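K.L.:
from the sequence below, what's the structure:
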Amino acid sequence: MSDFAGQTIIVTGAGSGIGRSTALQLAERGAHVIVADISDTAHGVVEEITGAGGQATAAIGDISDQGVVDKLVDAAVATGGRLGLVNNAGIMDQFAGAATTDDVQWERCLRINLTAPFLLTRAVLPHMLAAGGGAIVNLGSAASIRGAAAGAAYTASKHGVTGLTKNTAYTYGRENIRCNLVAPGGVETNIMTTSATDTEIDPANGLAAITPIHQGAIRNATPEELAGPIVFLLSDAASDVNGAIIPVDGGWAAG
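P.N.:
Numbers count the residues shown, from 1 in each chain. A predicted model of the protein is given here:
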């Protein structure tokens with residue numbers, strides 16, 4: 001499959017989990033993937049892609065830093081082709097309410113989960129406008145659309161990403177730039193390791209600890225199951241999908 005041939009797509013948090021699976025699927029379909037991560041694991045993903053005959057470039061750094069974002073986008077533009085963006089990187093909070101959320105946890109969640117996607121979106125938009133279009137997919141969460149999926153900091157940050165998604169879609173849709181959000185429920189990734197050790201909800205239980213419908217037989221999704229909808233939203237098959245908030249959570253949002 002080569003429906004992404006001639007496109008360069010930035011995927012943040014692509015060293016593992018949902019980002020890695022998304023990068024692999026995009027490369028398999030012809031995209032040149034910028035594998036962005038704060039960890040050196042990005043190099044391993046690039047080796048997986050190039051070993052399979054695909055195209056990828058690693059970009060290591062903290063995407064909440066404007067200088068890192070500028071270099072990342074410059075590197076993507078230098079590869080040529082139509083630009084795409086997946087704002088996937090994120091961290092978890094302590095599942096704490098506002099009364100027990102300190103300034104450090106609040107600022108860290110907002111900076112990585114919301115400000116970084118804003119910085120990247122702002123940086124790619126001029127290039128998408130100049131090229132006559134582009135696609136952005138933001139990774140939200142069940143916490144993007146409800147109040148009982150995480151703590152105050154994470155929930156506020158993911159609600160913010162919902163607002164950023166809708167505003168970007170509405171403002172730039174007439175310029176052929178689409179922006180959509182995928183809202184996962186429980187997924188088999190390492191995001192819980194980004195939570196502080198004194199988490200008020202046991203990280204080992206994940207979302208099953210805080211919502212009844214994730215207990216028992218209902219399982220967490222695999223990263224590959226999230227990558228499929230992300231790749232679809234980036235593709236021309238989703239050409240009329242803009243500003244959508246799409247739960248990919250095994251039906252959790254339906255409850």
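
K.L.:
spit out the contact partners of the residue nearest to Ile60 when sequence neighbours are not counted.
P.N.:
Closest residue in space to Ile60, ignoring its immediate chain neighbours: Ala42 at 5.8 Å, by C-beta to C-beta, 6 or more residues apart in numbering. (C-beta placed from N, C-alpha, C; glycine too.) Ala42 makes contact with Ala14, Gly15, Val35, Ala36, Ala58, Ala59, Ile60, according to C-beta atoms under 8 Å, 6 or more residues apart in numbering.

K.L.:
can you list contacts of the helix or strand hosting Leu85?
P.N.:
Using DSSP states H and E, Leu85 sits in strand 82-87. For strand 82-87, contacts defined as C-beta under 8 Å, 6+ apart pick out 6-12, 14, 19, 22, 31, 76-77, 116-117, 120-121, 124, 127-128, 131, 133-139, 161, 230, 234.

K.L.:
narrow those to those that are buried.
P.N.:
7-12, 14, 19, 22, 31, 76-77, 116-117, 120-121, 124, 127-128, 134-139, 161, 230, 234 (16 or more other C-beta atoms under 10 Å).

K.L.:
I figured Gln55 was touching His32, is that so?
P.N.:
Yes: contact criterion C-beta atoms under 8 Å: Gln55 and His32 qualify, at 4.1 Å.

K.L.:
when these two are compared, which one has more neighbours?
P.N.:
A count of neighbours by other C-beta atoms under 10 Å puts His32 above the other of Gln55 and His32, at 21 against 16.

K.L.:
which residues does the more buried one contact?
P.N.:
His32 neighbours (C-beta under 8 Å, 6+ apart): Gln7, Thr8, Ile9, Gln55, Ala56, Thr57, Thr79, Gly81.

K.L.:
closest to Ile145 out of those residues?
P.N.:
Ile9 (25.4 Å; C-beta to C-beta).

K.L.:
quick check: which element contains the residue lying closest to Val77 once chain neighbours are set aside?
P.N.:
Computed as C-beta to C-beta, 6+ apart, the closest residue to Val77 that is not its neighbour in sequence is His127, at 5.6 Å. Under the criterion of DSSP H and E, His127 resides in helix 116-131.

K.L.:
counting contacts, what elements does that helix pack onto?
P.N.:
strand 7-12, helix 66-78, strand 82-87, strand 134-139, helix 152-172, strand 177-184 (3 or more C-beta pairs under 8 Å, 6 or more residues apart in numbering; DSSP states H and E).

K.L.:
repeat the analysis, applying 6 Å as the threshold.
P.N.:
helix 66-78, strand 82-87 (3 or more C-beta pairs under 6 Å, 6 or more residues apart in numbering; DSSP states H and E).

K.L.:
parallel or antiparallel, which strands does the last one pair with?
P.N.:
Take DSSP bridges as the rule and strand 82-87 pairs in its sheet with strand 7-12 (parallel), strand 134-139 (parallel).

K.L.:
how close does the residue nearest to Val77 sit to Leu120?
P.N.:
12 Å (C-beta to C-beta, to the nearest Å).

K.L.:
swap in Asn176?
P.N.:
From Asn176 to Leu120 the distance is 19 Å (C-beta to C-beta).

K.L.:
circling back to that earlier point, closest one of the contacts of Ala42 to Ala156?
P.N.:
Closest to Ala156, out of all of the contacts of Ala42 and judged by C-beta to C-beta, is Ala36, at 24.0 Å.

K.L.:
so which of the contacts of Ala42 wins on neighbours?
P.N.:
Going by other C-beta under 10 Å, Ala14 tops the contacts of Ala42 with 33 neighbours.

K.L.:
wait, isn't it in contact with Ile34?
P.N.:
No: in this structure Ala14 lies outside contact range of Ile34 using C-beta atoms under 6 Å: 8.1 Å.

K.L.:
now the angle from the helix or strand harbouring Val33 to strand 82-87?
P.N.:
Using DSSP H and E, Val33 sits within strand 32-37. Following axes from the mean of the first three to the mean of the last three C-alpha atoms, to 10 degrees, one obtains 30 degrees for the angle between strand 32-37 and strand 82-87.
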